[in-house]
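S.K.: whatever this is, show me its structure:
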Amino acid sequence: MSALGGKRTFLLDQIAFDSLVAGLKFSLSEPGMRAFYKRRRATLGTAFADFVDKLLAETRVSAWSDIAAQWRVDVAAERAAS
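M.R.: Numbering: from 1, shown residues only. Below you'll find the model as predicted:
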């Protein structure tokens, strides 16, 4: 799979490509990341931005959650486990 490079083309094996897509879809399900991407889209190459736009269109937005509060809970649980 092509990583959608311009003058250089980087090839990913199927496992790496699938991981990239899964990670992007997970990130793009968060409202904050969607907003961030839309503000920074112009900094990406056209082909890659088009690729991410397609993922954005097919990725559902997750239910709103207080990410900061959940982060604190998760960190506290990790500290307690160590």
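S.K.: C-alpha only now, for contacts and for neighbours.
M.R.: OK.
S.K.: list the contacts of the residue nearest in space to the middle of the chain.
M.R.: Per C-alpha atoms, centre = their mean, the C-alpha nearest to the average position across the chain is that of L24, at 2.7 Å. Residues counted as contacts of L24 (C-alpha atoms under 8 Å, 6 or more residues apart in numbering) are V52, L55.
S.K.: dump the one helix or strand it maps to to PDB, keeping only the CA atoms.
M.R.: Using DSSP states H and E, L24 sits in helix 14-28. Output in PDB follows, covering the C-alpha atoms of helix 14-28 (Å, rounded to 0.1, in the frame of the first residue of the first chain):
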ATOM      1  CA  GLN A  14      -1.000  -4.600   4.900                       C
ATOM      2  CA  ILE A  15      -0.600  -4.900   8.700                       C
ATOM      3  CA  ALA A  16       0.900  -1.400   9.000                       C
ATOM      4  CA  PHE A  17      -1.700   0.100   6.700                       C
ATOM      5  CA  ASP A  18      -4.600  -1.500   8.600                       C
ATOM      6  CA  SER A  19      -3.000  -0.200  11.900                       C
ATOM      7  CA  LEU A  20      -2.800   3.300  10.400                       C
ATOM      8  CA  VAL A  21      -6.400   3.200   9.300                       C
ATOM      9  CA  ALA A  22      -7.600   1.900  12.600                       C
ATOM     10  CA  GLY A  23      -5.600   4.500  14.600                       C
ATOM     11  CA  LEU A  24      -6.900   7.300  12.400                       C
ATOM     12  CA  LYS A  25     -10.500   6.100  12.600                       C
ATOM     13  CA  PHE A  26     -10.200   5.900  16.400                       C
ATOM     14  CA  SER A  27      -8.800   9.400  16.600                       C
ATOM     15  CA  LEU A  28     -11.300  10.800  14.200                       C
END
